[in-house]
Every structure is written in structure tokens, then in C-alpha cells.
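> pasting the sequence and the predicted coordinates here, then a few questions.
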Amino acid sequence: MARQHARTMIIAGAVAATVAGALVVPSAAGAAAAKGIPHVSVHLGKGVSTSRTHLYPGRVTFDVHSSKGQNSLQLASLAKGYSLAQASQDIGKAFGGDVTAVRTVDKLIHFKGGAAASPKHPGHVTVYLSAGTYYLVNQNTNKAKTITVSGKAVNRKTVRTNSRITMLTYGFDSLPRLHRSGTMRLNNISDQPHFLVLVHIKPSTTNKQLMKAFQSESDSQPKFVLKGEVDSAILSPYKTQAFTYKLPAGTYVMACFWPDDDTGMPHAAMGMFKKVVLY
């Protein structure tokens with residue numbers, strides 16, 4: 001199970017409450033009247049296409065569309081002098097347990113989040129982008145496209161959310177009940193990258209069963225897994241995103257499969273998971 005989810009997060013090529021909240025991030029525009037958030041359409045297929053290639057710094061919403069099957073968008077930028085080829089190679093090593101590669105990736109790739117989409121269900125994600133060049137990567141095909149952010153930062157309106165989850169160093173903070181659909185505010189307040197996987201499970205599933213599955217090398221699906229799952233994209237330390245989702249009501253497990261910077265193990269296999277109810 002751990003191996004299965006880890007593979008989906010490789011980029012080759014390229015305290016919580018269930019009440020209304022907002023994606024609040026710094027803006028350099030001070031007290032000026034807030035403007036609307038610009039939307040960028042991203043189409044994921046054999047390649048990656050976007051409706052815009054330039055933005056001013058500030059909040060932006062990416063509307064993600066998939067032409068065939070489910071595809072996942074990852075937003076990221078790279079440290080100066082670090083290439084996509086190097087990033088691809090290091091991420092592969094990182095998910096193989098190479099601690100040196102994990103630390104390199106953690107330091108040199110700045111993960112901004114993302115969203116999944118299928119032909120009938122587009123995804124939407126809102127993030128804050130400062131000036132720089134960003135890669136929009138289709139994690140399923142390893143294709144990427146760049147978008148440039150430059151100019152004066154714009155003070156833009158906040159995004160209303162109805163659920164929140166905070167990712168800690170080795171755990172999650174949330175209320176025991178979350179909405180089954182809407183817009184999720186996801187914060188990473190740890191010193192390592194994380195991503196969220198919400199998996200629908202049988203209510204009787206124990207933590208012991210979950211730990212056994214997360215530590216397993218098997219690719220087979222555990223019998224306690226039910227239909228219904230959503231993955232967020234990767235978030236670097238101290239980053240926030242707001243993404244839309246829709247899931248069946250029931251019991252879920254929150255987990256992160258990012259490789260640890262001390263052990264190389266997926267965080268879930270080290271105990272980074274928590275059961276929650278969606279209603």
C-alpha cells in the first residue's frame with residue numbers, strides 16, 4: 001500500500017476546524033482593496049496546456065481538467081541551477097529510501113500543491129505564488145509546462161473553505177469530523193514536505209491494521225479499503241493550499257507517504273496517519 005501511493009507522487013520530468021475559513025497568505029499590496037482571484041485553466045492529457053503563461057504575484061486558482069482518465073497536477077519551482085533532469089533523478093532515489101536524495105529534494109524543490117481531475121470532475125486549487133518560474137507537472141504522464149510570475153504583488157480576495165487539515169511533523173491535526181465535500185484548507189506547518197491522502201475505509205479498521213498495511217511492501221489493496229479517495233499534491237514546509245473535493249460519507253484515514261529525511265521511510269509507515277469521519 002505504501003509503495004502504491006508513493007509511486008503516484010513522483011514528479012519525473014519536470015489547528016484545524018470544520019468551520020468556514022479562508023486561505024490567508026501574505027500580500028505585498030498592503031491595505032489596498034482586494035481584487036478577484038485570477039483563474040488559470042490547465043488541461044492535462046498527453047501534454048500540459050494552460051490558458052495563461054504569465055501572472056502577477058498573489059493568490060491564483062488553477063482549474064484543472066483531464067481529457068482522459070484521472071490526472072494530477074503538481075505545482076513546483078526549483079532552486080537556481082537545479083534542473084528538471086536532476087529533480088527527476090533525485091525524486092526517484094528519494095522514494096527508494098535514499099536519505100541524501102530526500103534531503104536534496106526537500107531543499108531544492110519548492111512544492112506548491114495541486115489537484116487531481118477526471119473528465120467529469122475537474123479539480124480546483126488556490127495557492128499563493130510569489131515572483132518566479134513555476135512548473136505545472138502532470139504526475140501521471142511526467143509532462144510539464146512553465147508559467148512565469150512577475151511584477152507587483154496584487155492583494156486578492158481570500159478563498160472560503162469549509163474544512164481544514166494541518167499536517168504536522170509526523171501527524172495530522174483536525175477535528176474528528178470533516179465535511180465530505182467542499183473546499184479544504186490544507187496547511188503544512190512541519191519542517192518537511194508532506195502530501196495528504198484521504199482513503200475511505202471500513203469503520204471497524206484498527207490502527208494496527210493500518211500500520212501493517214502502510215509498512216507492507218505489497219501492492220495489493222487491503223480488504224478494509226472502500227471506494228472513495230483523494231490525494232492532495234505535495235506541499236513544502238509552511239505552505240498552504242485550498243483544493244476542492246467530493247467524497248462519500250464515511251470513515252477515512254489521513255496519511256502521508258513522503259519519504260522521511262532521517263530514515264527514508266514513507267511517513268505513514270512511521271505512524272503519520274489518523275482516522276477521521278466525513279459526513
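Thanks, I have it.
> my guess is Phe257 meets His194, correct?
No: in this structure Phe257 lies outside contact range of His194 using Cβ atoms under 8 Å: 9.3 Å. Every C-beta, even on glycine, is put in place using the N, C-alpha and C of the backbone.
> so what sits against both of these two?
His267 (Cβ atoms under 8 Å, 6 or more residues apart in numbering).
> number of nearby residues for Phe195?
Number of residues near Phe195 (other Cβ atoms under 10 Å) recorded here: 24.
> quick check: it vs Lys46, distance?
In this structure, Phe195 and Lys46 are separated by 24 Å, where distance is defined by Cβ to Cβ, to the nearest Å.
> same check, this time on Gly132
The gap separating Gly132 from Lys46 is 27 Å, by Cβ to Cβ.
> out of the two, which sits in the busier spot?
The neighbour count for Gly132 versus Lys46, taken as other Cβ under 10 Å, is higher for Gly132 (14 against 9).
> what residues are bridge-paired with that one?
Partner residues in beta bridges with Gly132, using DSSP bridges, are Val149.
> what sits against Ser77?
Counting by Cβ under 8 Å, 6+ apart, the residues that Ser77 touches are Ile109, His110, Lys112, Gly132, Thr133, Tyr134, Tyr135.
> helices - which of the residues you listed land there?
Mapping those onto helices (DSSP state H) picks out no residues; all lie outside.
> of those residues, which is the nearest to Lys143?
Lys143 has its nearest neighbour among these in Tyr135, at 10.3 Å by Cβ to Cβ.
> okay, the closest one: pLDDT?
Tyr135 is assigned 97 on the pLDDT scale.
> wait, it touches Leu84, no?
Yes: Tyr135 sits in contact with Leu84 when judged by Cβ under 8 Å, with a separation of 7.2 Å.
> looking at these two now, which is surrounded by more residues?
Set side by side, Tyr135 and Leu84 show unequal neighbour counts under other Cβ under 10 Å, the larger going to Tyr135 at 21 against 18.
> flag the shaky bits of this protein, pLDDT-wise.
In the predicted model, the chain carries pLDDT under 70 at residues 1-33.
> apart from its chain neighbours, what residue comes closest to the residue positioned nearest the centre of it?
Here the mean C-alpha position of the chain is nearest to the C-alpha of Ala233 (Cα atoms, centre = their mean), at a distance of 2.0 Å. In space, not counting the residues next to it along the chain, Ala233 is nearest to Gly114; the distance is 2.9 Å by Cβ to Cβ, 6 or more residues apart in numbering.
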